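Asks: Fold the following.
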Amino acid sequence: MIDFEPLGTDKLLGVRNTRLTTSDEQGHEAGSESGEGRSPVRVPHCPAPAFGDWHVFAPFLAQQGHEPAATVVLNDVSVEEGAGPLRPTGIERLFVPGPRDTPDGPAVVEPADAGMLRITSGRLAVTDPGYVSAPRTVAVPPGEYPVTLSLLRTARSVEVAAARVTFLDTPPHAWEMTLRPDEDPGLLGEGEFYGVGVDTGTVAFMDATREVDDEMLDDEVFDPLSYVDRPSVELPGTGTEPNLIAFTAGWGDGSYPVWTGRTEDGQAACVVVDFRLCPTDQETDTPGGTGPSPA
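Replies: Purely as a prediction, here's the structure:
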């Protein structure tokens, strides 16, 4: 065996290490690394390699009777269809009325109008209204835009399966995960996503400059919301100030994906929060399935 020790600042010293083994009374082998078992090799040193630059060790391998391969063949490993981060599958269908099969049994999707959202700063914010310090934002033109809820009605309750704010009548050409600047989707595993964190069971669309008075939230947002007959509520702005439209989060607390639908020229056509009550094929086949991720 050959050990390498630093030699100065840019070289490695190769030292042959002969391990002497003895057996103890219980038959276990013990190694000896005394100086008597160490001797210099014929190539005493080599440059300290950069990471991955293993060819500098070739002379030492040759002394051990190893020969480098003439070529290295890397097999092409295909990626399965469902691998990788959560994909925006079936987003438009979340708002198509009709029957659905859900993990809790049959249900019916009913689109519902939640009001007009006023954007004044040119940035939409998607956030838990009780924790607005780090929202997900999307650049959009100032204006007033319709908010639509996808209500999932069962025999026991009415839950919000998804919420959408629409900026253009043009259907989205492509969907993208709405990310913060420090988030890298390449780090996500199979079926994973970056989403809006929820700790109050509620999500809101609002202007990025809108301020929220925490003392008013219970009386004006959280208490009026109901899983039976009031899935959304508007917190008006004063005068021309932006308003806030809040709605119940389908599964309650957790984290939910936010998708931005863009036109062919890159404009934001709409933004959708999917509360994952209606599973896609990827969610059905992914470990963990539907439901929120921990916030």
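
Asks: Low-confidence ranges, the stretch 101-250 of the chain, go.
Replies: Applying pLDDT under 70 to the stretch 101-250 of the chain picks out no residues at all.

Asks: show me where it has strands.
Replies: For the stretch 101-250 of the chain, the strands defined by DSSP state E, counting those that start in this stretch cover 105-119, 123-128, 131-139, 143-153, 158-166, 174-177, 195-198, 202-207, 232-235, 244-248.

Asks: So Pro99 sits against Gly105, correct?
Replies: No. Assessed by Cβ atoms under 8 Å, Pro99 is found out of contact with Gly105, at 11.1 Å. Just so you know, the C-beta spots here come from the backbone N, C-alpha and C atoms, and that holds for glycine as well.

Asks: mind checking how far the closest residue in space to Gly201 that isn't next to it in sequence is from Pro49?
Replies: Excluding the flanking residues, the one nearest Gly201 by Cβ to Cβ, 6 or more residues apart in numbering is Gly252, at 4.8 Å. As judged by Cβ to Cβ, to the nearest Å, Gly252 and Pro49 stand 53 Å apart.

Asks: Looking at these two, which is more packed in?
Replies: Gly252 (16 against 12; other Cβ atoms under 10 Å).

Asks: hang on, that one in a strand?
Replies: No. Counting by DSSP: H, G, I helix; E, B strand; the rest coil, Gly252 falls outside a strand, being coil.

Asks: roughly how far apart are it and Asp214?
Replies: 20 Å.

Asks: what does Gly195 give?
Replies: Gly195 is 23 Å from Asp214, by Cβ to Cβ.

Asks: These two - which one has more neighbours?
Replies: Gly195 (23 against 10).

Asks: didn't that one look like it was pressed against Trp251?
Replies: No. With contact defined as Cβ under 8 Å, Gly195 does not reach Trp251; the gap is 11.8 Å.

Asks: which residues does Tyr194 contact?
Replies: 177, 179-180, 183, 185, 188, 257 (Cβ atoms under 8 Å, 6 or more residues apart in numbering).

Asks: go on, Leu179?
Replies: The contact partners of Leu179, by Cβ under 8 Å, 6+ apart, come to 136, 185, 194.

Asks: Would you format those residues as JSON lines with distance to Pro111 included?
Replies: As requested, those are exported to JSON lines (distance: Cβ to Cβ, whole Å):
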{"residue": "Arg136", "distance to Pro111": "23"}
{"residue": "Pro185", "distance to Pro111": "29"}
{"residue": "Tyr194", "distance to Pro111": "26"}
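
Asks: which one of these is nearest Phe205?
Replies: Arg136 (10.6 Å; Cβ to Cβ).

Asks: How many residues are close by that closest one?
Replies: 22.

Asks: which ones are touching it?
Replies: Arg136 neighbours (Cβ under 8 Å, 6+ apart): 125-127, 178-180, 196, 258.

Asks: ok, and the most crowded of those?
Replies: Counting by other Cβ under 10 Å, top hit in the contacts of Arg136: Thr127 with 26 neighbours.

Asks: excluding its backbone neighbours, what's nearest it?
Replies: That would be Pro135: by Cβ to Cβ, 6+ apart, it lies 3.6 Å from Thr127.

Asks: which residues does the nearest residue to Ser157 once chain neighbours are set aside contact?
Replies: Of all residues not flanking Ser157 in the chain, Tyr227 sits nearest, at 4.7 Å (Cβ to Cβ, 6+ apart). By Cβ under 8 Å, 6+ apart, Tyr227 lies in contact with 157-159, 248.

Asks: which one among the residues you listed gets closest to Leu94?
Replies: Distances from Leu94 to those, taken by Cβ to Cβ, are shortest for Glu159, at 12.5 Å.

Asks: Tell me if I'm right that that closest one and Gly252 touch.
Replies: No. Counting by Cβ under 8 Å, Glu159 sits too far from Gly252 to count as a contact (9.7 Å).

Asks: Run the chain-centre distance for stretch 202-221.
Replies: Chain-centre distance of stretch 202-221: 25 Å, with Cα atoms, centre = their mean, to the nearest Å.

Asks: If we go by neighbour counts, what in it is buried?
Replies: 202-208, 210, 212, 217, 220-221 (16 or more other Cβ atoms under 10 Å).

Asks: And the furthest pair within those residues?
Replies: Ala208 and Glu220 (20.2 Å).

Asks: Now the residue nearest to Leu168 when sequence neighbours are not counted: which helix or strand?
Replies: Using Cβ to Cβ, 6+ apart and skipping residues adjacent in sequence, the residue nearest Leu168 is Ala269, 4.4 Å away. Assessed by DSSP states H and E, Ala269 sits inside strand 268-274.
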